[in-house]
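Q: task: produce atomic coordinates for the following.
(3 chains)
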Amino acid sequence: MEPLSWFEIITRVLLQFMPVWISLIALFTLSIVYKRRLGLYGKLFDSTIGMIGFALVMFWVFTGIFGALDMIITHDPLSQLSGMKNKLPGTPLPRPDEGQYPYYLFGGDNLARDVFSRMVKGAWIVVQIAPLATLFAFMVGITLGLPAGYYGGRLDTLLSFFANLILAFPVILLFYLLVTPEIVETGIPSYMATVLFVFPLIFVGVLLNSRYKTQPKVRTPLLFAVLGILGWLYLSLISEAGSKVSVLPGFLDLFDIPAGILVVFVSVVFVNSPTVFRIVRGLAMDIKTRDYVAAAQTRGEGPWYIMLWEILPNARGPLIVDFCLRIGYTTILLGTLGFFGLGLSPESPDWGTTINDGRRLLQIYLHPAIVPAVALLSMVLGLNLLADGLREESLRD
Amino acid sequence: MTDSYDGPILEIDQLSISFFTRLREIPAVMDFSVKVMPGEAVGLVGESGCGKSTVALGVMQDLGKNGRIVDGSIKFKGRNLNEMSQEELRQIRGSEIAMIYQEPMASLNPAMKIGKQLMEVPMIHRGSSEKEAYDRALQVVTDVKLPDPKRILDSYPHQLSGGQQQRIVIAMALMAEPSLLILDEPTTALDVTVEAAVVELVKELGKKYGTSMLFISHNLGLVLETCDRICVMYSGEAVERGSIKDVFDEMQHPYTQALFRSIPLPGADKNAAPLRAIPGNFPLPHERPPGCNFGPRCDYFEAGRCDAQDIPMQPVPGNDRHATRCLKFQEIDWNAPLAKSDITEKPEPGRVVLKMDDLKKYYEVAANALFGKRGDTKVVKANETLSFEARESETLAIVGESGCGKSTFAKVLMGLETATEGQILLDNRNIESTAIEDRDTQTVADVQMVFQNPFDTLNPSMTVGRQIIRALEVFGIGNSDGERRKRMLQLLDLVKLPRAFADRMPRQLSGGQKQRVGIARAFAGNARIVVADEPVSALDVSVQAAVTDLLMEIQREQKTTLLFISHDLSIVRYLADRVMVMYLGHVVELGSTDQVFSPPYHPYTEALLSAVPIADTRVKKKHIVLEGDIPSAMNPPSGCPFQTRCRWKSQVPGGLCEKEVPPVRQLGDGHQVKCHLSDAELASMEPVIQIAAE
Amino acid sequence: MGLFILRRVGVMILTGLCLTFLVFSLTNLYPNLEKLAKTQGNFRMSDAEVTSYLERNGYLQPMIVKYGEWLGVVPSYRHENSDGTIQGRCIQPGQAPEDAPHFCGVLQGYWGFSTVFKDEVGSIIATRLGLTGKLMLWVMLLMVPSALILGVLSGMREGSKMDRTLSTISITTTATPEYVSGVILIAVFASSTVGLKWFKGTATSAMESANFENFFLPVLTISLYGMGYIARMTRASMAEVMTAQYIRTARLKGVSFGNIVVKHALRNALIAPFTVIMLQFPWLLNGVVIVETLFNYKGFGWTLVQAASNNDIELLLGVSVVSVFVVLVTQLISDIGYVYLNPRISVS
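A: Here you go, the predicted structure:
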C-alpha cells in the first residue's frame, strides 16, 4: 500500500475524532441556546477568546474520555508492530491483520508504537490527574489561606512562612527529591498523601457544620453521612496493601492508586498549594473588611461560617480564573515529570514521557516528539484562553 | 488671557451623549443646554446617574471608548469643541479648561513629586523653563494656602492629607489660569470642616482669577453657597435652569420641588413636619418612560398629556433666563402648602436601656507598621472617657468627622472589640468585656447594627431572603424553615419591600432597597438597640428621606433605641432627640438636640454647624472656617484635642488649652461640654444659624 | 532601611536553614544511603556490610547531628577502624588525623566530594554555575526588555488590535513549556531533515565558545516561557494604570499620549512586574534544567539532573544550597527594589 498523502492523513484524523466533534457541537449548541440562564459559564459564550479556549479544552477532555473508552485510538498504545519503527506519518502497516487499522496516522515512534494512539491515550492521563490535583491543591490552599487571611497575626506569619518556604524551593529539585523510588520506599509520599488528602474532609466538614450549626437536627445526621462516605473514600485512597500506610483491610479498600501515580499526584498538589494559599489569603484579607462580614460578626456568626459562607463565595471570580490557569500549569508540571522520567512508568503514553522519548532522535525524526508537544501546547493554550475569557467576562459585571 | 472674547465662555446646546454597549445604545444625556458667562459659576445638580458627570466629560471630550456625542454642540469661547482635532483639544485642556475631581488621592500620580506634576502644566502649555514653572508652582501653592510650599512641592501625594491633596488638585487646575474650571463633586470625599475650607478657597480663587466655573454636585446647599446659577438634572435631562434665587425660591418643576421637600431643612421635624420622600425609583437609562421622565413619580402627573410627547425646555416668563421642562408649570400652585399627612406624637423616652460609664478604648499599634520592630508600639486613644445614657425609643445622634472614634465606639458596643476601661451596661448588665462570641443569643439579637455602604452591606452571592433567614436562624427565631420564611416575608413588609424580593440577588436591588434589607436584617431578632452607622450618607437625597422615615417608623413601633452615627448635622437635627458631638475620641458636647444646636456651643460644634451647607436661601450662617486638617489619632495634640484649630483658644488665659484636657462641664438639663472657656464666654456666643424672617 | 534589610536577611537565613535541612533529610534517607553504600562498595553487599559501611562513615548518626556536621557547626564524625586507623569526613587521604580540622562543613568551605564526577563539589558547582550564569545573562538580556516592551505596548491601549495580537502572542508563549518550545524550535530551525537549519540543535559547543548559531535556541527557549508571563503581568498592570484617575488628570492637563505613557504610567506600571521578574527565578531554574538537558549544555541544571539521578548526595546538596540561596537572594532584591520603586512605602 502507498503511504497516505498529507490531505488523506488529515481527513482520516478528523474522521477518527468524529465522536469528539459530535460532542463538541452538541455542547456548544446547548450552551449557546441557554447561555443567558447559565450565569458566568453562559457569559463565556459572549467572548470569542473564551469560546476558543473552551473549545480547545473540551476537545481534549472529550478526546481523553473517548480515548479511555478505546474509541478514537487506532492501535493499542503500548503494542509494538515490527517494521513500524520511526516510520513517517501515514505509513501503512506491512501486514495488517483483519480489522486492524491499516495505517499509523502520525507514524511510529522509536519502539514502533502508534504515535496517534499514544497521543489520544496521553490526553486521558492529563484529563484525569490535572483537574483533580488542582482541586486538591485548592482545598488545601483554601482551608489554610482563609484562616491566615481572616485572623492574620501569628497564625498568618507562621503559615505564610511555610508557604514561602515551599515557594522558594525550585520545583524541579523538589520533584527530584520527592519522586524517586527510594523516597517511595520510605513511605514519605504516602504520609504526605495522608496529610494532604485530609484537607477536603476538613473543608467539607467545616463547611456543613458552620452552615447547619443552628439546626442540630439536620446537622448531625448530615455530617455523619457525608463525612462517613468521604472518610471511607479517603481511607481507600491512602491505604494500600503492602505500602507504609495500610489502615484499611483489603475487602473495604475500594480502589488502589499505583504508587507512581500517587507520588506524582501528591507532589503536584504539594507544589501548587502554597500559591493557592497566597491568593486565597490575599482575597480573604481584602474581603474581610467588607460590611457584610461585619454584619455577620455582629450577629454572632462563628469564624468558619464567615470564612466559608461570607468570604469564600465572594472570592470565587478570581479563584475560578486561577483554577483554569492552574490546571494548565499542572499539565505543564506533569509534562515536566514525564520529561525527566519521574514517577510515571517509562511505557506510559503521557505527553511528557513521549516528548522525552522522541527528543533523542529529534534531529532526524520529528513526529514522535512534535505530536505530543503540539497536543500539550494546545491544551494549555486552551486553558489559558479560557481563563482569559472568564476573567474578562467576570469583570464585565 | 489675552484674547478679547466676551461672549459666553461655555455654551452647550442641545447636547446628547450616549454610551454604546454590546446590547444597546444607552443615552446618558439628552437635549442638554447650558450657558456659562465669564466669571459666572453654574451649578449642575442631580442625583447619581442623572448624567451630570457625563456632561463634564463631554465638555472635556473625554468620554472613553464607549461614549459618543450623538447630537448638539459644545462651544468654548465660540469654538465648537466637538469639531476639534486631538491636538487642538490637547492645547485647550489644562490651559483653558481645567477639571477638579472627587477623589484627590486618585487624581494625583502616586509616583511623581507634587512639584513635578504642577510644573508640567506651564511647561506644556507655555513652554516655560523649569525655573519659571517652579516659581509659578510655588506661587500657586501659596495661593491655595498650603503651609511650607517648598516642602510640599518636594513631597509625594501620599505624604499629604486629603484636604491638602485636594488643594494641590485645585492648584494644578489653576496653574495655567484657565477660563473655565469644571469641578466634579470636589469635596465629597472630604470631612465637613475641611470641605468648608476648600469651598471657601475655590470661591475666593474663582474671584481672584476671574475664572468661570461649572460646579457639579449632588448637594443643593453647596451649590447655593458657591454658584450664581443652577441647572437641575434628572435622568439625563436638564429639568430646570435659572438663577439660584429663582430656582430655590420660585421653583417651577415638580422634581425640584420634590427634591427640596425631601431634604431636611431647618424647620423640618420628624414628628410635626416629616420629610416627604419622592415615591418610586430612579428610572434605569434604558427604561425611561415616554414623555416626561419624572412623570411616574410626579404628584401632578396627567396621563395622556405628560406622557404623550417629548417635553421641551420652556422659559418661565418674568424671570431672567429661567426655564423648566414641565408642561404644567403655569397651572401648578407652587405655593400650596404640603398636605399635612402623618403627624405623629413624639413618643416619650422610656427607661434607660444602655449606659456607658467612662468607657475607654485604647489600641496598641506598631509605631511603623512596615519597618518597626516588636515592642516599639504606640497607644492610640480611640475612645476617651465616654459616658452617656440611652433610653427606650430615644434617638441619640453621635456626630463627628473621620477619626473621632465613633466607629470604634460602635465596635466596642457590638462586642467586636472589648473595652480597655470603664463599663457598658445593657439593662444593668455589664457587657463591656464580653466579646461577641461569648454573648448569649438574646444579647446579640438585642444590639444590632445598620451599616453605611449599601453596596457592601449585603453578601453579593446570597439571595436577600436567605440572608434574612440566616439572621433568624442565628437568633433562634422560628422552629421550622417554614416559620422562618414567613417571618422573613413579614420583615420585608416591615421595610416596605415587595415580597418577591426574597428571591433576588443583592445586585438586582438599588442602593436604597439594599439599605432596607440591611434594616430588616438588623431588626430580625427584634433588636432593642440599633446602631445606625451613617445609614443614609451614601444614598441619594430623595432616597435618604425614605430610608430615614422608615427607620423612624420602625423605631416608633418597636420602641427601639437608635444610636445614629452621622456627620450630617441637618439630618441629625431632623431626627435626633439627643446629640453627642465627638472629636478625636473625646465627647466634646452632649445634650438634647435643641441644646446642642443653639448657643452656648462647644467651639467645635460651632464650627461644624457653620460648615454644613444648608439649601435654604433664608438661612444666614455665621462664617467660621477652621484652619488646617483634623489631627491624626495616632498623634493627637497635647491638652484639649481641638486646640490646634480652635478660634476661641486665645480667650482662655495661660495656654491652658495646650496643657490640660478640659473637664466635662455641666450646663444644666443634662447639657455638657468639654471646654476651658469661662461661663461668660460661653454665654456670649451667638447662634450660628439664623433663619431670616420671611 | 538597615533594620528592614536585617530582618529580611534574618528571615532569609532561617528559610535557608529550614530548606537545606529538608533537602539534607530527604537525600540522607536510609534507602538513599543504602544505595550509596552499594554503589561505593559493591552491589552484592549484605545488609550487615551495608550497616558497617554506613557506621564507618558516620551515616548512622541522628539526622540533626549529620546536618550539623555537614553545615560545619558540629565536630565531624571520626571512626576508629579495627586496624587502629582513624577515618573521618575531614581527614583527607594521606593526612594524619591529628592535622585534620575538626569542623569541615559548608561554613568552612568544604562542600564534600562528588561520587559521580570524582571531584570536589565546590569546584564542580563553580564551573557549572559559571556556564549557567552565561546562559542566564543572555536570557535576561533577551527576556526582560522584550517582555516589558510587549506588555507596555499592549497595555497602553487596552482592547485595541495591537493589544489583541500581542496578548495572543504572550498567552501562547506562557502556554508553551520549555520542553515543548524547545522541541518545536529544534524541529523548525535545527532539524537536519526538514528544518531550516539556521541554528544548531545542541549547545554543547557553546560551553567553550558561545555564538549566535549554537546559543540562540537555548536562550530563546528559556526566554519565551518567562517572557509571556512577564508581558502579561506588565500588560495587566499597565492597563490598570491607564484607567487610573491620575492618568485622566494628566490627559486633561493636556499631556500628550506619549508623555502620559512614558512619564506618568510607566513607573507605576512597572512596580508589579518588577517583583514578578525577581520571583521568576525559581521558575527560570526549572527552565534552565530542562533546556540544559534538552540542548546538552553541561551547566548547573544539567549537573542537578546528573546528581539527582545518580544519587550523588553531596553534589545534590551543594546544588540545592546554591539554588535555594539564589532564590532567596532574588526575593530579597525584589523586596528592596519594591520599596525603592514605590514611593508610597516610606522608609523612615
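Q: next structured bit after the lowest-mean-pLDDT helix or strand in chain C?
A: Within chain C, no helix or strand scores below strand C:86-88, which has a mean of 73 by mean pLDDT, DSSP states H and E. As assigned by DSSP states H and E, the chain's next helix or strand after strand C:86-88 is strand C:113-114.
Q: what is that next one packed up against?
A: Counting contacts by 3 or more Cβ pairs under 8 Å, 6 or more residues apart in numbering or on different chains; DSSP states H and E, strand C:113-114 packs against strand C:119-120, helix C:121-156, helix C:313-341. Any C-beta I mention is one placed from the backbone N, CA and C, and that applies to glycine too.
Q: please identify which of those is closest to chain B.
A: helix C:313-341 (7.9 Å; Cβ to the nearest Cβ).
Q: show me what that closest one is packed against.
A: Helix C:313-341 packs on helix A:171-178, helix C:2-27, strand C:113-114, helix C:121-156, helix C:266-279, helix C:281-294, helix C:300-309, going by 3+ Cβ pairs under 8 Å, 6+ apart.
Q: and residue A:110, that's in a helix?
A: No - the assignment for residue A:110, made by DSSP: H, G, I helix; E, B strand; the rest coil, is coil rather than a helix.
Q: and the gap between it and chain B?
A: 52 Å (Cβ to the nearest Cβ, to the nearest Å).
Q: give the contact list for that residue.
A: By Cβ atoms under 8 Å, 6 or more residues apart in numbering or on different chains, the contact list for residue A:110 reads A:85-86, A:357-358, A:360-361, A:365, A:368.
Q: can you pull the pLDDT of it?
A: Note on residue A:110: pLDDT of 85.
Q: re the thing from before, please convert the helices and strands packed on helix C:313-341 to TSV, extending it with mean pLDDT.
A: Shown next, in TSV, are the helices and strands packed on helix C:313-341 (pLDDT from 0 to 100):
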stretch	mean pLDDT
helix A:171-178	84
helix C:2-27	85
strand C:113-114	83
helix C:121-156	90
helix C:266-279	80
helix C:281-294	85
helix C:300-309	89
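Q: most tightly surrounded among the ones you listed?
A: helix C:281-294 (a mean of 25; mean count of other Cβ atoms under 10 Å in any protein chain shown).
Q: ok, residues contacting that one?
A: A:167-173, A:336, A:339-340, A:359, C:132, C:135-136, C:139, C:177-179, C:182-183, C:186, C:218, C:221-222, C:225-226, C:229, C:297-302, C:304-305, C:323, C:326-327, C:330.
Q: redo that, cut-off 6 Å
A: For helix C:281-294, contacts defined as Cβ atoms under 6 Å, 6 or more residues apart in numbering or on different chains pick out A:170-172, C:132, C:178-179, C:182, C:218, C:221-222, C:225, C:299, C:301-302, C:304-305, C:323, C:327, C:330.
Q: how far away is whichever residue of the stretch 1-150 of chain B sits closest to chain A from residue B:536?
A: Proximity of the stretch 1-150 of chain B to chain A (Cβ to the nearest Cβ) peaks at residue B:22, 7.3 Å away. According to Cβ to Cβ, to the nearest Å, residue B:22 stands 35 Å off from residue B:536.
Q: between these two, which one's more packed in?
A: Set residue B:22 next to residue B:536 and count neighbours by other Cβ atoms under 10 Å in any protein chain shown: residue B:536 wins out with 25 against 7.
Q: which non-adjacent residue is nearest the residue of the stretch 1-150 of chain B closest to chain A?
A: Leaving aside its sequence neighbours, residue B:22 sits nearest to residue A:46 (Cβ to Cβ, 6 or more residues apart in numbering or on different chains; 7.3 Å).
Q: next one: residue A:47
A: residue A:389 (4.2 Å).
Q: which SS class is the one you found?
A: Taking three-state DSSP, the label given to residue A:389 is helix.
Q: same question for residue A:202.
A: Look at residue A:202: counting by three-state DSSP, its state is helix.
Q: and the least confident helix or strand of chain C, what does it pack against?
A: Other elements packing on strand C:86-88 under the criterion 3 or more Cβ pairs under 6 Å, 6 or more residues apart in numbering or on different chains; DSSP states H and E are strand C:78-80.
Q: can you give the strand pairings for the strand it packs on, parallel or anti for each?
A: Paired strands of strand C:78-80, with direction, are strand C:86-88 (antiparallel) (DSSP bridges).
Q: what number of residues lie near residue B:152?
A: Residue B:152, neighbours per other Cβ under 10 Å, totals 24.
Q: surely it and residue B:146 touch.
A: Yes - if you go by Cβ atoms under 6 Å, residue B:152 and residue B:146 touch, sitting 5.3 Å apart.
Q: helix or strand for residue A:286, which one?
A: Following DSSP H and E, one finds residue A:286 within helix A:259-287.
Q: in that helix, what counts as buried?
A: By 16 or more other Cβ atoms under 10 Å in any protein chain shown, the buried positions in helix A:259-287 come out as A:259-281, A:283-285, A:287.
Q: ok so, going back, for the residue nearest to residue B:22, the count of nearby residues, please.
A: 16.
Q: against residue A:392, how distant is it?
A: For residue A:46 relative to residue A:392 (Cβ to Cβ), the value is 9 Å.
Q: Provide a list of residues in contact with residue A:137.
A: Residue A:137 touches A:269, A:272-273, A:276, counting by Cβ under 6 Å, 6+ apart.
Q: scratch that, residue B:35
A: Neighbours of residue B:35 in contact, by Cβ under 6 Å, 6+ apart: B:8, B:11.
Q: which phi and psi does it have?
A: Dihedral pair for residue B:35: phi -130, psi 130, per degrees, to the nearest 10.
Q: low-confidence bits of chain A, can you list those?
A: For chain A, the stretches with pLDDT under 70 are A:241-245, A:250, A:254, A:396-397.
Q: in it, which spans are strands?
A: Secondary structure of chain A by DSSP state E: the strands cover A:91-92, A:103-104.
Q: just those: most buried one?
A: Taking mean count of other Cβ under 10 Å, strand A:103-104 is the most buried of the strands of chain A, at a mean of 26.
Q: name the helices or strands packed onto that one?
A: In terms of contacts (3+ Cβ pairs under 6 Å, 6+ apart), strand A:103-104 is packed against no helix or strand at all.
Q: okay, now the sheet partners of it, with direction.
A: Sheet pairing for strand A:103-104, using DSSP bridges, gives strand A:91-92 (antiparallel).
Q: who in chain C is up against chain B?
A: Residues of chain C found near chain B (Cβ under 6 Å from any Cβ of the partner chain) are C:4, C:245-246, C:249, C:252-254, C:264, C:267-268, C:343-344.
Q: and stretch C:306-317, how far out from the chain middle?
A: Stretch C:306-317 sits 16 Å away from the centroid of its parent chain (Cα atoms, centre = their mean, to the nearest Å).
Q: just the C-alphas of it, formatted as PDB.
A: What follows is stretch C:306-317, C-alpha atoms only, in PDB (Å, rounded to 0.1, in the frame of the first residue of the first chain):
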ATOM      1  CA  GLN C 306      23.100  14.100  37.000                       C
ATOM      2  CA  ALA C 307      23.500  14.400  40.700                       C
ATOM      3  CA  ALA C 308      19.900  13.500  41.400                       C
ATOM      4  CA  SER C 309      19.600  10.600  39.100                       C
ATOM      5  CA  ASN C 310      22.900   9.100  40.200                       C
ATOM      6  CA  ASN C 311      22.300   9.500  43.900                       C
ATOM      7  CA  ASP C 312      25.300  11.800  44.300                       C
ATOM      8  CA  ILE C 313      24.300  13.000  47.700                       C
ATOM      9  CA  GLU C 314      26.900  15.700  48.400                       C
ATOM     10  CA  LEU C 315      26.700  17.200  45.000                       C
ATOM     11  CA  LEU C 316      22.900  17.300  45.100                       C
ATOM     12  CA  LEU C 317      23.100  19.000  48.500                       C
END
